[in-house]
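> Okay, predicted coordinates and the sequence, questions at the end:
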Amino acid sequence: MVLAQLGGSISLALQQMNKATTVDQKVLNECLNDIARALLQADVQFKLVSDMLTNIKRIVNLDDIPTGLDKRKIIQQAISKELCKILDPGKPSFTLMKGKSSVVMFVGLQGSGKTTTCTKYAYYHHKKGWKPALVCADTFRAGAFDQLKQNATKAKIPFYGSYTESDPVRIAVEGVERFKKENCDLIIVDTSGRHKQEAALFEEMRQVSEATKPDLVIFVMDSSIGQAAFDQAQAFKQSVSVGAVIVTKMDGHAKGGGALSAVAATKSPVIFIGTGEHMNEFEVFDAKPFVNRLLGMGDWSGLMDKIREVVPIDQQPEYHEKLKEGKFTFRIMIESVQNILQIGPIGQFLSTIPGFSEELMPKGNEKEIQAKRQRYVTMMDSMTNEELDSCDPKIMNESRIMRIARGSGRNLREVMEMLEEYKRIAKMLSNMSALTRNMSAQATSNVFPPQMLKLMGGLQNLMKQMGSTKDMMGMLGGGKK
Ligand SMILES: Nc1nc2c(ncn2[C@@H]2O[C@H](COP(=O)(O)OP(=O)(O)OP(=O)(O)O)[C@@H](O)[C@H]2O)c(=O)[nH]1
């Protein structure tokens, strides 16, 4: 997505500044101009960009910075702070409460992804133990009710709508009343898509809001909307009291800068982002880690959360012991590969690592990488316990290799390639532990299984040593064949 490019351009501007022997006004101005250009190219509204630059220049007064203080760091912090300020104007005051039926109304332009997002939002809360329900007050688009019904049924969430009633206010009120009686604690009202020029539809939206008295109105915005985002978002805000924004289609080739403009227009924070058409392609949005990623500063907390989700804690002690003794076995490799498979798209995962930009990923071969890792898992399934628990690649003689190839239905070249990969990782692991140095001992020991830690450490170190991601991609299955 282009947001990754934006991140890449901003990190590049910062790197250029870091290369300068001294940071003077000229270097600072050049850096800020590059950042402004990158933001404008990503469709962030001009006024926002110019206000941001003015603020940074006010905060960073080079003449006043005492010698000994790191000017680069101060500049980077100021940029990060200003971007966070745009993206996070404070949390919405709304919180769900057990025993209370809260109403959340979704509004937005046609096709922005409201209906899809309503179900994602309901499903997210359902998984967290809340009791959500969906009301389809979109009487404008034929098929909207069927879509909501289908999604809701899949997610096992109660829904309400009508094929015959054409008054959205009536449907919304009936639906909300029904689910209040059923003690649902989150009643989500989906409304028709509309455009700011459509005055009658805006009036209708206002009436639905007035009749249902939502505790929160969420403005759903397609990330590709671009420069129009500010005006559209502002029009919605003027008609109903928008309290939060959800940005959809962040997985596409959107410029994404519109998201920043929508936040500025509504003075409401982005609370979730949609990253695909499926129900679980929905992420909680947090401005600070997001900005840090944009600036190439990584997001350790996001990385830890992702890993905490997929790595069983009980796997840790045994591996810890083995690795302490320097035993990196095929079994450890297979489990690492499986864990990485569960984490999801490797680009997303790597972008949480400080210093890594998604832009550096080899383009277009995410599927290939996943397929390769899947192949490894299949091949390792055909290995004996002796082979899996050995850390001596020499035991893999010709007949064993042929047996693995036959058993897994792969060819000899693929088995050899996996062995080479194993040797490469084992070699790297023998001299790497960068990650542990970067993180507090307490955090690491609680969160990562050691094999994962080592792999991460490998990534970090490798990036430092080589100044590129080529070999790192190789290690994860995306490198040269
Ligand atoms: N790739 C991707 N597609 C999405 C995402 N969210 C929604 N979509 C797709 O966007 C299209 C429009 O989504 P809807 O949920 O129907 O949009 P809507 O805002 O309810 O549409 P109207 O009721 O006509 O205003 C559908 O094809 C969705 O599958 C997302 O995060 N990523």
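All right, it came through fine. Residues are numbered from 1 along each chain as shown.

> quick one, what contacts Glu174?
Tyr160 (C-beta atoms under 8 Å, 6 or more residues apart in numbering). For the C-beta atoms, the positions are set from N, CA and C on the backbone; glycine is no exception.

> got it, and Lys100?
Residues in contact with Lys100 (C-beta under 8 Å, 6+ apart) are Asp185.

> give me that answer again for 10 Å
Residues in contact with Lys100 (C-beta atoms under 10 Å, 6 or more residues apart in numbering) are 180, 183, 185-186, 215.

> cool, Ala233 as well?
Going by C-beta under 10 Å, 6+ apart, Ala233 touches 108-109, 196, 219, 221, 225, 242, 245, 258-259, 261-268.

> quick revisit: out of the contacts of Lys100, who's the most crowded?
Of all the contacts of Lys100, Leu186 has the most neighbours under the rule other C-beta atoms under 10 Å, reaching 25 neighbours.

> Hmm, it is touching Thr95, no?
No: using C-beta atoms under 10 Å, Leu186 is not in contact with Thr95; the gap is 11.2 Å.

> in the chain, which spans are strands?
102-108, 132-137, 159-160, 186-191, 216-222, 242-248, 270-274, 282-284 (DSSP state E).

> Quickly run through the sheet partners of the last one, with directions.
When pairing is defined by DSSP bridges, strand 282-284 lines up against strand 270-274 (antiparallel).

> quick revisit: now the strands of the chain in TSV, with distance to Lys394 and mean pLDDT?
Converted to TSV, the strands of the chain look like this (distance: least, C-beta to C-beta, whole Å; pLDDT from 0 to 100):
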stretch	distance to Lys394	mean pLDDT
strand 102-108	61	96
strand 132-137	57	95
strand 159-160	62	94
strand 186-191	59	96
strand 216-222	56	94
strand 242-248	53	91
strand 270-274	49	88
strand 282-284	45	85
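
> what's the closest of those strands to Ser11?
Comparison of the strands of the chain against Ser11 by C-beta to C-beta identifies strand 270-274 as nearest, at 20.5 Å.

> The closest one vs strand 216-222, what angle?
Strand 270-274 runs at 40 degrees relative to strand 216-222, counting by axes from the mean of the first three to the mean of the last three C-alpha atoms, to 10 degrees.

> Report whether strand 270-274 contacts the ligand.
Yes: using C-beta under 6 Å from any ligand atom, strand 270-274 reaches the ligand at Gly274.

> Tell me the one of the contacts of Lys100 nearest Leu40?
Nearest to Leu40 among the contacts of Lys100, with distances taken as C-beta to C-beta, is Asp215, at 36.5 Å.

> distance of the closest one from Thr95?
Here Asp215 is placed at a distance of 9 Å from Thr95 (C-beta to C-beta, to the nearest Å).

> Spit out the residues that contact those two alike.
Contact criterion C-beta under 10 Å, 6+ apart; residues shared by Asp215 and Thr95: Ser102.

> can you pull the contacts of the residue in the chain positioned nearest to the ligand?
Distances from the chain to the ligand, computed as C-beta to the nearest ligand atom, single out Gly193 as the nearest residue at 2.1 Å. For Gly193, the contacting residues are 107-115, 138, 140-141, 144, 201, 220, by C-beta under 10 Å, 6+ apart.

> do the same with Lys114
106-108, 138, 141, 144, 148, 190-193, 218-222, 246, 248.

> now those: which count as buried?
Buried members of these, scored by 16 or more other C-beta atoms under 10 Å, are 106-108, 138, 144, 148, 190-193, 218-222, 246, 248.

> just checking, Lys237 touches Met221?
No: here Lys237 does not reach Met221: they are 11.8 Å apart, not a contact under C-beta under 10 Å.

> got any residues that touch both of the two?
Shared contacts of Lys237 and Met221, counting by C-beta under 10 Å, 6+ apart, come down to 245, 262, 265-266.

> Adding distance to Glu210 and neighbour count, write those out as CSV.
Formatted as CSV, the shared contacts of Lys237 and Met221 follow (distance: C-beta to C-beta, whole Å; neighbours: other C-beta atoms under 10 Å):
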residue, distance to Glu210, neighbour count
Val245, 21, 28
Ala262, 23, 30
Ala265, 22, 25
Thr266, 19, 25
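
> Quick check: Val103 touching Pro132?
No: with contacts counted by C-beta under 10 Å, Val103 stays clear of Pro132, the gap being 11.1 Å.

> between the two, who's got more neighbours?
Neighbour totals were compared for Val103 and Pro132, and Pro132 leads with 26 against 22 (other C-beta under 10 Å).

> wait, isn't the more buried one in contact with Val189?
No: assessed by C-beta under 10 Å, Pro132 is found out of contact with Val189, at 11.5 Å.

> So for these two, which residues contact both of them?
Joint contacts of Pro132 and Val189 (C-beta under 10 Å, 6+ apart) are 104, 118, 179.

> Which of those sits closest to Asn29?
Nearest to Asn29 among those, with distances taken as C-beta to C-beta, is Val104, at 44.8 Å.

> Quick check: closest non-adjacent residue to Phe230.
Once flanking residues are discounted, Phe230 sits nearest to Ser261: 4.1 Å by C-beta to C-beta, 6 or more residues apart in numbering.

> what's around the one you found, how many residues?
Ser261: 28 surrounding residues under other C-beta under 10 Å.

> contacting residues for it?
43-49, 86, 221, 225-234.

> Adding distance to Ala211 as columns, could you present the shared contacts of Lys237 and Met221 in JSON lines?
Conversion of these to JSON lines gives the following (distance: C-beta to C-beta, whole Å):
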{"residue": "Val245", "distance to Ala211": "23"}
{"residue": "Ala262", "distance to Ala211": "26"}
{"residue": "Ala265", "distance to Ala211": "25"}
{"residue": "Thr266", "distance to Ala211": "22"}
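
> So which bits of this protein are right by the ligand?
108, 110-116, 138, 141, 144, 147, 192-193, 248-249, 251-252, 274-277.

> Take those residues and keep only those in helices.
Secondary structure defined by DSSP state H assigns 114-116, 144, 147 of the residues of the chain next to the ligand to helices.

> Lys120 contacts Thr248, correct?
Yes: Lys120 is within contact range of Thr248, at 9.1 Å (criterion: C-beta under 10 Å).

> what touches both of these two?
Contact criterion C-beta under 10 Å, 6+ apart; residues shared by Lys120 and Thr248: 113, 272, 274-277, 281-282.

> Weed out the non-buried ones from the residues you listed.
When those are checked for burial by 16+ other C-beta under 10 Å, the buried set is 113, 272, 274-276, 281-282.

> now for these, which pair is the farthest apart?
Applying C-beta to C-beta across those, the maximum distance is between Phe272 and Gly276, 12.7 Å.

> residues shared between the contacts of these two?
Common neighbours of Phe272 and Gly276 (criterion: C-beta under 10 Å, 6+ apart): 120, 248, 250, 282.

> Okay then, goodbye and thanks.
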